[in-house]
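[1] build me a model from this:
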Amino acid sequence: MKNTTVTFRQMKQKGEKISMLTAYDYSTAKLVDAAGINGILVGDSLGNVMLGYPDTVSVTMEDMIHHSAAVARGAENSLVVTDMPFMSYQASVYDAVMNAGRLMKEGRAQAVKLEGGRKIFDQIKAIVTADIPVMGHIGLTPQSINAFGGYKAQGRDIESAKRLVDDAYAVQEAGAFSVVLECVPAELAAYVTEKLDIPTIGIGGGAGTDGQILVYADMIAMFSDYKPKFVKHFANVGQVIREGFAAYDAEVKAGSYPAEEHNYAIAPEVMDEVKKTFG
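    Numbers count the residues shown, from 1 in each chain. Next up is the predicted model:
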């Protein structure tokens, strides 16, 4: 059955955990969808994972639209949420609504995700007013990495903990259907989850959130540039792929691939005619 924003709310009400993973292409989206994952995030993490950027700041609207449309074609049951990239919504409410609309129309997203709390209240509210579902994102917000001075857990002192709770309330008040809590102390994330009516999706937020999300390439050990503290390797697909590539390389260089069973046959009389014509 197709997952929707209503599904997420109902799962929170029933105390059922929500599963999400990222995906950036058609084939991966089909695999994630077939596994029964409730939601797929077309994250701007594609900048790191797919495009080799050093951060998510470099990701463009065109990048997000291109990958979102590919994922949407492969996701039959998972809810497709697409990140709004850096500076696609921060400058003005108008920009926020227009770019959210592009992700829905051209990227075939079913919801969009924005990073930030109270400071983007107006953007979230305006997008929701335009009948576009919004997922919030607070705590560590990678688009603000230059302001944070690095990838650091958020909400660990009194001031930042209070600000995070206030941001969570602001996101809910603005009309978001759910909110991601990234790199937040587990106890604080559980407290926010208890206080909010909308579902919380944790990534480095402990087990007390309503759901979890991971970058798929992290959790199957395909992305090896770095491993965040919150990542668990559920499979070592990266090693399997490397071994497969190495085996292919060895057989090609040894001349053992392709073998006879991989070849297409041609009738002897056809080859005879070819040789008679061309020598």
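[2] show me what contacts Thr28?
    Neighbouring residues of Thr28 by CB atoms under 8 Å, 6 or more residues apart in numbering: 71, 74, 216. Just so you know, the C-beta spots here come from the backbone N, C-alpha and C atoms, and that holds for glycine as well.
[3] how much space separates it from Met135?
    With distances taken as CB to CB, to the nearest Å, Thr28 is found 20 Å from Met135.
[4] could you do Leu31 as well?
    Taken as CB to CB, the span from Leu31 to Met135 is 22 Å.
[5] ok, now Asp225?
    26 Å.
[6] neighbour count for the two, which is higher?
    Met135 (28 against 9; other CB atoms under 10 Å).
[7] who's the residue lying closest to that one once chain neighbours are set aside bridged to?
    Spatial nearest neighbour of Met135, chain neighbours left out: Lys113 (4.3 Å); criterion: CB to CB, 6 or more residues apart in numbering. Residues in a beta bridge with Lys113, per DSSP bridges, are Asp83, Met135.
[8] which residue ranges form the strands in the stretch 1-150 of the chain?
    Remark: strands assigned in the stretch 1-150 of the chain by DSSP state E, counting those that start in this stretch are 18-22, 39-42, 79-83, 111-113, 134-139.
[9] most neighbours per residue, which of those?
    strand 39-42 (a mean of 30; mean count of other CB atoms under 10 Å).
[10] what is the mean pLDDT for that strand?
    The average pLDDT within strand 39-42 is 98.
[11] and for stretch 3-16?
    pLDDT averaged over stretch 3-16 gives 98.
[12] ok, stretch 270-279 next?
    Stretch 270-279 shows a mean pLDDT of 96.
[13] renumber starting at 880 from here on
    All right, first residue 880 from here; so that's stretch 1149-1158.
[14] determine how far it lies from the middle of the whole chain.
    On the basis of CA atoms, centre = their mean, to the nearest Å, stretch 1149-1158 sits 55 Å off its chain's mean C-alpha point.
[15] in that stretch, what's buried?
    The neighbour-count check on stretch 1149-1158 (16 or more other CB atoms under 10 Å) flags nothing as buried.
[16] kindly report the same for stretch 969-976.
    969, 972, 975-976.
[17] reformat these into JSON lines and put distance to Gln1033 and pLDDT next to each item.
    Output for those, formatted as JSON lines (distance: CB to CB, whole Å; pLDDT from 0 to 100):
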{"residue": "Gln969", "distance to Gln1033": "18", "pLDDT": "97"}
{"residue": "Val972", "distance to Gln1033": "25", "pLDDT": "98"}
{"residue": "Ala975", "distance to Gln1033": "23", "pLDDT": "98"}
{"residue": "Val976", "distance to Gln1033": "27", "pLDDT": "98"}
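[18] just the closest of these to Val885, please.
    Val976 (22.4 Å; CB to CB).
[19] distance-wise, check the closest one relative to Thr961.
    15 Å.
[20] among the strands of the stretch 880-1029 of the chain, which is nearest Gln889?
    strand 897-901 (10.2 Å).
[21] which residues does that closest one contact?
    Contacts of strand 897-901 (CB under 8 Å, 6+ apart): 887, 890-891, 911, 915-922, 924-925, 928, 960, 1078, 1080, 1089-1096, 1098.
[22] what are the pairing partners of that strand, and which direction each?
    Partners of strand 897-901 in its sheet, by DSSP bridges: strand 918-921 (parallel), strand 1090-1093 (parallel).
[23] got CSV for those, with distance to Gln1118 too?
    As requested, the strands paired with strand 897-901 are arranged in CSV below (distance: least, CB to CB, whole Å):
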stretch, distance to Gln1118
strand 918-921, 25
strand 1090-1093, 18
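[24] between the ones you listed, which gets nearest to Thr1008?
    strand 918-921 (22.7 Å).
[25] for the closest one, list the C-alpha coordinates in CSV.
    Extracted in CSV, the C-alpha atoms of strand 918-921 (Å, rounded to 0.1, in the frame of the first residue of the first chain):
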residue,chain,number,x,y,z
GLY,A,918,9.9,6.6,2.9
ILE,A,919,12.7,7.5,0.5
LEU,A,920,14.5,10.7,0.9
VAL,A,921,16.2,12.0,-2.2
